[in-house]
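Asks: okay, predicted coordinates and the sequence, questions at the end:
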Number of protein chains: 2
Amino acid sequence: MKLADLPTPSLILDRRALAANCAAMAARAQRLGVRLRPHMKTAKSAEAAKIATAGQFGGITVSTLAEAQYFAEHGFRDMTYAVGLVPGKVDEIVRLERLGVRMQCLVDNVPAVAAVAKRAAALDAALALLIEIETGGGRAGVLPEQPELLEIGRAIAAAARLRLIGVLTHAGHSYKRKGEAAIAAVAEEERAGVVRAAERLKAAGLPCPVVSVGATPTAVFARSLEGVTEMRPGVYTLMDLYQLAIGVCRREDIAASVLATVIGHNPRTGRILVDAGALALSQDRGAAGLMEHTGFGWVCSETGARLDGLYVAEVNQEHGMIAAASGALPWERLPIGARVRILPNHACMMAAPYERYNVVDGGDTVVAVWDKARGW
Amino acid sequence: MKLADLPTPSLILDRRALAANCAAMAARAQRLGVRLRPHMKTAKSAEAAKIATAGQFGGITVSTLAEAQYFAEHGFRDMTYAVGLVPGKVDEIVRLERLGVRMQCLVDNVPAVAAVAKRAAALDAALALLIEIETGGGRAGVLPEQPELLEIGRAIAAAARLRLIGVLTHAGHSYKRKGEAAIAAVAEEERAGVVRAAERLKAAGLPCPVVSVGATPTAVFARSLEGVTEMRPGVYTLMDLYQLAIGVCRREDIAASVLATVIGHNPRTGRILVDAGALALSQDRGAAGLMEHTGFGWVCSETGARLDGLYVAEVNQEHGMIAAASGALPWERLPIGARVRILPNHACMMAAPYERYNVVDGGDTVVAVWDKARGW
């Protein structure tokens, strides 16, 4: 099958770029001396996860229980569910554990420990917990120096069916820096913070075998991960315009795109219309804030070459409106029925709603179709 | 089953609000003397479509071929695919026609007519076409007075397997006005433009039995639809904060919400964290630009009462961060594990990725589970 035979909008994955991104990250993890537990919230695909975990210990990270179920069905047996655990999710975690999946979950406060301990006890089940550490991301987690860190650790240790296995952080603020030096500085904050938290737990006599960091920018630019045991980057698998904008990847590393068809020309507004809109591309505009003429994605030819200065300037639910940086649209090159590929602002958001990847190896032949998880 | 038994995030539909919205729109269509062809791109649900078409002629509008397939499988036999037709979609339209579904499609230019005519001829199939008219929305369509209107009409009439059935417009710019008077003025532009286009076609001896308008704001506030034969509003089925912000609905008309669980407290940033983020709520911020303290959605109690001044201020992929307009968060009212319901900025965007609706009749009992279409 060729790309020309696919319905549109369709999600395209360039396996060569994915494989190169995964090989590069594997080499970084090895050089930094840490295990690689790729975050599969980005690709949500078992075939992609096999490539991302090739040569690694096999563990992955997930962001929803739907992903956990999907990857369990596809043979993955070691997962960290990297969103704060609540009692209502314990039953499903325990069900997966009983299927033979090693599950690790997060907490960042004593009431959550008490609540999940109660549910685990009711199910006569054990839970392995990581304490989430705040190292600058400003989202969740306890600060490395906060007294509550030891209280949480002790509460876990004191609960009969809970086991403290370590600490975990996500340097979300690395997305707000640009370039190697600035991001390397965040990576050091991330490392130092989570290692300090681990040291405090150990000094208090608590176990802390896992010291986990995770964000693509810091994973790419970290100079040392001394004291860290694993990293959990995710978006590196597919890369996107945001990672390009902050200097983390090159254009050719972007592995995911949406194939769309030209459905109209509007010379009055200076727009070429395609059948990929707010749902097909997502409304993420992260990269647009960093790079002019990015909008809802860069427009490429069907085989992936950037069409100079074209971008999706506006979206409605199922309509995308392409503009040209120069103002001069290539009307004749993109007649009604022509196809384009649109690169994502944010790969995680763009890929999420699709049921499958249409896989190419750089060309226009669909060499495989990969299923994927979606929804919750 | 109770809402308390559902996993989170889950999509909730209040059937009482849906039914009331549908009854109100049916009454409007009757008063205005037009047929109602509800746009099911919003609810994407056969059960919702049955309510929306109750007492009507049974036709619906769709925005993707996946919706067309889904509704065909659920017994709907008259659909307008309201996105510009291209040759690559003709095969599927013809397949649906051959299953007994009456399909109407759009074109707004002569090359599209030629291209779809060629594909229809190759398939030995007929196509019923509407000409899309631009009445101020600025997206697609030919202007009522444009010479091309008659050229398109004649091209359709001249093609052996194509049949011109009318004109269609969408007053997208009605979303940019606020209040009855301003929106009624847009409704009159929409009406006058599409009726003028129909008159020109008829004066040229071309058939134009269908004269179709469609947008929820104009459908709600139109004073006359003289010369129009049908309307295709969609978001009125579920309503949302955007429609509230522009004065088209009341708080109690909003039928869709996302049930989420409190997964964390961050007193340092003044945020309560929930497990509904950028994917579960969408990144649509349309209403946030019109109403302060709206963010990515208003936060309500599990049974739907607005929690005063609470809104989702920030989102990451699977994390939502709740802030309070007053700055004072109700930490004790929303402990870890508590549940909230979040009202959408834009119902079409929020509902799209979910697999099903959990239906309530105003209370906290799940009275039905409705499947729905998603993806492409």
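Replies: Perfect, thanks for sending it.
Asks: and the helix or strand containing residue A:198, what does it pack onto?
Replies: In the assignment (DSSP states H and E), residue A:198 maps to helix A:180-203. Taking 3 or more C-beta pairs under 8 Å, 6 or more residues apart in numbering or on different chains; DSSP states H and E as contact, the helices and strands that helix A:180-203 lies on are strand A:127-133, helix A:148-158, strand A:162-169, strand A:210-213, helix A:216-221. In short, each C-beta sits where N, CA and C put it, glycine included.
Asks: the last one close to chain B?
Replies: So the one you mean is helix A:216-221. No: shown here: helix A:216-221 not in contact with chain B (C-beta under 8 Å from any C-beta of the partner chain), separated by at least 13.0 Å.
Asks: now do that helix: which elements does it pack against?
Replies: Against helix A:216-221 (3+ C-beta pairs under 8 Å, 6+ apart) you get helix A:15-32, helix A:180-203.
Asks: with the fourth one instead?
Replies: Other elements packing on strand A:210-213 under the criterion 3+ C-beta pairs under 8 Å, 6+ apart are strand A:162-169, helix A:180-203, strand A:230-231.
Asks: residue A:197 contacts residue A:130, doesn't it?
Replies: No: if you go by C-beta atoms under 8 Å, residue A:197 and residue A:130 don't touch, sitting 10.6 Å apart.
Asks: more neighbours: which of these two?
Replies: Shown here are residue A:197 and residue A:130; by other C-beta atoms under 10 Å in any protein chain shown, residue A:197 has more neighbours (30 against 25).
Asks: still on that earlier bit, turn the helices and strands packed on strand A:210-213 into JSON lines, including mean pLDDT and distance to residue A:224.
Replies: As requested, these are exported to JSON lines (pLDDT from 0 to 100; distance: least, C-beta to C-beta, whole Å):
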{"stretch": "strand A:162-169", "mean pLDDT": "98", "distance to residue A:224": "16"}
{"stretch": "helix A:180-203", "mean pLDDT": "98", "distance to residue A:224": "7"}
{"stretch": "strand A:230-231", "mean pLDDT": "98", "distance to residue A:224": "12"}
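Asks: okay, those in TSV with distance to residue B:17 next?
Replies: Compiled in TSV, those are given as follows (distance: least, C-beta to C-beta, whole Å):
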stretch	distance to residue B:17
strand A:162-169	41
helix A:180-203	45
strand A:230-231	46
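Asks: near chain B, which residues of the stretch 201-350 of chain A?
Replies: A:261-266, A:268-269, A:271, A:273, A:275, A:278-280, A:282-284, A:316-319, A:321, A:335-337, A:348-349.
Asks: among the residues you listed, which are in strands?
Replies: A:261, A:262, A:263, A:264, A:265, A:266, A:271, A:273, A:321 (DSSP state E).
Asks: and the residue lying closest to residue A:229 once chain neighbours are set aside, how close does it get to residue A:277?
Replies: Among residues not flanking residue A:229 along the chain, residue A:211 sits closest, at 4.8 Å (C-beta to C-beta, 6 or more residues apart in numbering or on different chains). Look at residue A:211 and residue A:277: by C-beta to C-beta, to the nearest Å, they are 43 Å apart.
Asks: tell me the contacts of residue A:115?
Replies: Contacts here follow C-beta atoms under 8 Å, 6 or more residues apart in numbering or on different chains; on that basis residue A:115 touches A:86, A:87, B:336, B:337.
Asks: those: which two are farthest apart?
Replies: Largest separation among the contacts of residue A:115 by C-beta to C-beta: A:87 and B:336, giving 8.2 Å.
Asks: more neighbours, those two?
Replies: The neighbour comparison of residue A:87 against residue B:336 (other C-beta under 10 Å) goes to residue B:336, with 25 against 18.
Asks: now the helices for chain A?
Replies: A:15-32, A:46-53, A:65-73, A:87-98, A:110-122, A:148-158, A:180-203, A:216-221, A:241-245, A:278-281, A:347-351 (DSSP state H).
Asks: now residue A:364. Nearest residue, chain neighbours left out?
Replies: residue A:3 (4.6 Å).
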